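Asker: need coordinates for the below:
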Amino acid sequence: MSLIVILILNGVVLFAIAAMNSVWGKKSVLRNLNIQLVYGVFFGLVTMLLMNLAWGTETGVFYDSRTVLISVVAATYGGYTTLVMVILSSLYRLILGGVGTLAGIVTIPANAGIGVIFNFNIRDKIKKYKFFWYLVFGLVVHIFMLLYHFTLPLDLEFILNRIKLIAPSVLTLYPLFVAILFSIIDSGDQKIISMEKLAEREEQYRLLFNSLHSGVINFDMNGIIITSNDRFLEIMNAPREAMIDLDMHQIPNEKFQLVLKEVLEGKHSTYLGDYQSYLSGREMKLDCVFTPIYKNGVLQGGVGIIDDITESETLKETMHDILNRDSLTGLFNRKAFEEDILSNMFDKMSPSKAFIINNAGPTLFRSVGPA
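Answerer: The predicted model follows:
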């Protein structure tokens with residue numbers, strides 16, 4: 001095959017690998033040693049494939065795009081991945097043999113070394129004109145590739161002729177391949193990083209969401225519950241699988257249905273009072289605030305913040321009984337009687353008189369009590 005055909009085939013393989021890497025989106029797990037080793041074996045096999053799509057095999061000095069793949073992988077992946085790839089590729093080149101064996105083997109770890117140096121010392125410092133710097137990186141790699149020809153056990157004239165023959169392609173197309181491949185992988189890396197950050201923020205939001213003391217639900221325009229936090233499930237004494245996708249129109253509570261209707265009409269609404277869980281039958285007292293949600297001016301549903309006030313209301317009623325009932329008879333005491341009288345008087349008199357009586361308080365009843 002001609003050099004042009006070989007270059008096209010090598011390019012197709014390289015870009016297919018880059019595209020697959022982006023689609024797979026698992027490069028972020030490189031902290032796992034086993035994953036690094038799997039990547040190393042995979043790229044080692046791809047390098048072997050590229051060596052079988054080579055030009056000039058009849059002389060034992062042949063050319064392929066392994067330098068592109070090796071340098072980019074070394075510059076973008078972990079050390080173990082690079083090491084495994086280099087070992088497998090070098091062994092295979094040794095098996096292929098030929099007069100160019102030494103030069104071919106030297107090329108593999110040498111280019112990997114340039115890639116590692118670029119990865120750990122230069123890559124993170126590049127903030128602008130990345131494609132240009134990737135081109136420069138590719139150019140440096142392939143200048144060294146040409147220099148490795150001088151390790152060939154052949155006469156100088158043959159070496160110089162070979163360099164002259166392949167230099168135009170190696171110093172133009174190969175750096176371009178490097179830059180494109182690097183850019184595709186780098187773009188995939190940025191996508192993976194963004195997805196990781198998004199997942200991390202979602203996890204932080206979920207932890208915050210579930211650590212709230214109040215129950216929280218989100219529902220759509222049809223009154224269907226989309227999400228809820230753990231506290232809401234605890235209040236309702238219901239499992240998540242039964243709560244999610246629940247149509248709140250099914251709840252047999254007329255007061256709540258009026259509240260739901262208002263929210264789905266785009267109004268803020270509240271619910272305060274006794275409530276029985278539709279799913280578990282648990283009875284409680286709730287203090288709820290419901291707020292409609294809009295997106296681009298269009299009503300999307302609503303959010304409810306639910307507090308279980310059963311304990312506090314029960315405690316309040318208990319304290320009221322302690323203060324207003326006789327501990328022996330259980331009947332209302334003098335304090336309750338005075339408050340009841342004052343309350344009835346306030347309902348029937350003008351505000352000014354109510355103010356005077358209120359300030360007089362129990363003293364008024366003590367002064368007229370004997371009568």
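
Asker: and the helices in the stretch 151-300 of the chain?
Answerer: 156-170, 173-211, 230-236, 240-243, 254-264 (DSSP state H, counting those that start in this stretch).

Asker: what segments of the chain are strands?
Answerer: 215-220, 225-228, 269-276, 283-295, 298-308 (DSSP state E).

Asker: tell me what angle the third one forms with helix 254-264.
Answerer: Between strand 269-276 and helix 254-264, the angle formed by their directions is 150 degrees, by axes from the mean of the first three to the mean of the last three CA atoms, to 10 degrees.

Asker: any idea which of the helices of the stretch 151-300 of the chain is most buried?
Answerer: With neighbours defined as mean count of other CB atoms under 10 Å, these peak in mean count at helix 230-236, which reaches a mean of 19. To be clear about C-beta, it is placed using only N, CA and C from the backbone, and glycine gets the same treatment.

Asker: which stretch in the helices of the stretch 151-300 of the chain is the model least sure about?
Answerer: Between the helices of the stretch 151-300 of the chain, the one with the least mean pLDDT is helix 173-211; it has a mean of 82.

Asker: related to what we said a few turns ago, is it possible to export the strands of the chain to TSV including distance to G79 and mean neighbour count?
Answerer: What follows is the strands of the chain, written out as TSV (distance: least, CB to CB, whole Å; neighbours: other CB atoms under 10 Å):
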stretch	distance to G79	mean neighbour count
strand 215-220	45	19
strand 225-228	42	17
strand 269-276	60	16
strand 283-295	47	16
strand 298-308	48	18
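
Asker: JSON lines for these, including mean pLDDT and distance to Y129?
Answerer: Below are the strands of the chain laid out as JSON lines (pLDDT from 0 to 100; distance: least, CB to CB, whole Å):
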{"stretch": "strand 215-220", "mean pLDDT": "94", "distance to Y129": "44"}
{"stretch": "strand 225-228", "mean pLDDT": "94", "distance to Y129": "44"}
{"stretch": "strand 269-276", "mean pLDDT": "95", "distance to Y129": "56"}
{"stretch": "strand 283-295", "mean pLDDT": "94", "distance to Y129": "38"}
{"stretch": "strand 298-308", "mean pLDDT": "94", "distance to Y129": "42"}
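
Asker: what's the closest of those to K197?
Answerer: strand 225-228 (21.0 Å; CB to CB).

Asker: what helices or strands is that closest one leaning on?
Answerer: Counting contacts by 3 or more CB pairs under 8 Å, 6 or more residues apart in numbering; DSSP states H and E, the secondary-structure elements packed against strand 225-228 are strand 215-220, helix 240-243.

Asker: export these to CSV and tack on distance to L286?
Answerer: Supplementary listing: the helices and strands packed on strand 225-228 in CSV, determined by distance: least, CB to CB, whole Å:
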stretch, distance to L286
strand 215-220, 9
helix 240-243, 15
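
Asker: format the strands of the chain as CSV; extra columns: distance to E196.
Answerer: Output for these, formatted as CSV (distance: least, CB to CB, whole Å):
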stretch, distance to E196
strand 215-220, 25
strand 225-228, 22
strand 269-276, 39
strand 283-295, 26
strand 298-308, 28
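
Asker: what's the closest of the ones you listed to G40?
Answerer: Taking the strands of the chain one by one with CB to CB, strand 225-228 is closest: 41.8 Å.

Asker: contact partners of the closest one?
Answerer: 215-220, 240, 243-246, 248, 301 (CB atoms under 8 Å, 6 or more residues apart in numbering).

Asker: what lines up beside that strand in the sheet?
Answerer: For strand 225-228, the paired strands and their directions (DSSP bridges) read strand 215-220 (antiparallel).

Asker: relative orientation of the strand it pairs with and helix 173-211 in degrees?
Answerer: Note on geometry: by the same axes, to 10 degrees, strand 215-220 and helix 173-211 are set 120 degrees apart in direction.

Asker: what's the angle from strand 215-220 to strand 298-308?
Answerer: Taking the same axes, to 10 degrees, one finds strand 215-220 and strand 298-308 inclined to each other by 160 degrees.

Asker: mind listing what's buried in stretch 303-323?
Answerer: When neighbours are counted by 16 or more other CB atoms under 10 Å, the buried residues of stretch 303-323 are found to be 304-310, 313.

Asker: ok, residues contacting stretch 118-134?
Answerer: With contacts defined as CB under 8 Å, 6+ apart, stretch 118-134 is touched by 71, 74-76, 137, 178-179, 182-183, 186.

Asker: send the alpha carbons of it over as PDB?
Answerer: In PDB, the C-alpha atoms belonging to stretch 118-134 read as follows (Å, rounded to 0.1, in the frame of the first residue of the first chain):
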ATOM      1  CA  PHE A 118       4.500  17.000  28.800                       C
ATOM      2  CA  ASN A 119       1.700  15.600  30.900                       C
ATOM      3  CA  PHE A 120       3.300  16.400  34.300                       C
ATOM      4  CA  ASN A 121       5.200  19.600  33.500                       C
ATOM      5  CA  ILE A 122       3.500  21.400  30.700                       C
ATOM      6  CA  ARG A 123      -0.100  20.300  30.000                       C
ATOM      7  CA  ASP A 124      -1.800  22.000  33.100                       C
ATOM      8  CA  LYS A 125       0.000  25.200  32.400                       C
ATOM      9  CA  ILE A 126      -1.600  25.600  28.900                       C
ATOM     10  CA  LYS A 127      -4.700  27.800  29.300                       C
ATOM     11  CA  LYS A 128      -5.000  29.300  25.800                       C
ATOM     12  CA  TYR A 129      -4.200  28.300  22.200                       C
ATOM     13  CA  LYS A 130      -4.200  24.600  23.200                       C
ATOM     14  CA  PHE A 131      -4.400  23.300  19.700                       C
ATOM     15  CA  PHE A 132      -1.300  25.200  18.700                       C
ATOM     16  CA  TRP A 133       0.700  23.900  21.700                       C
ATOM     17  CA  TYR A 134      -0.500  20.300  20.900                       C
END
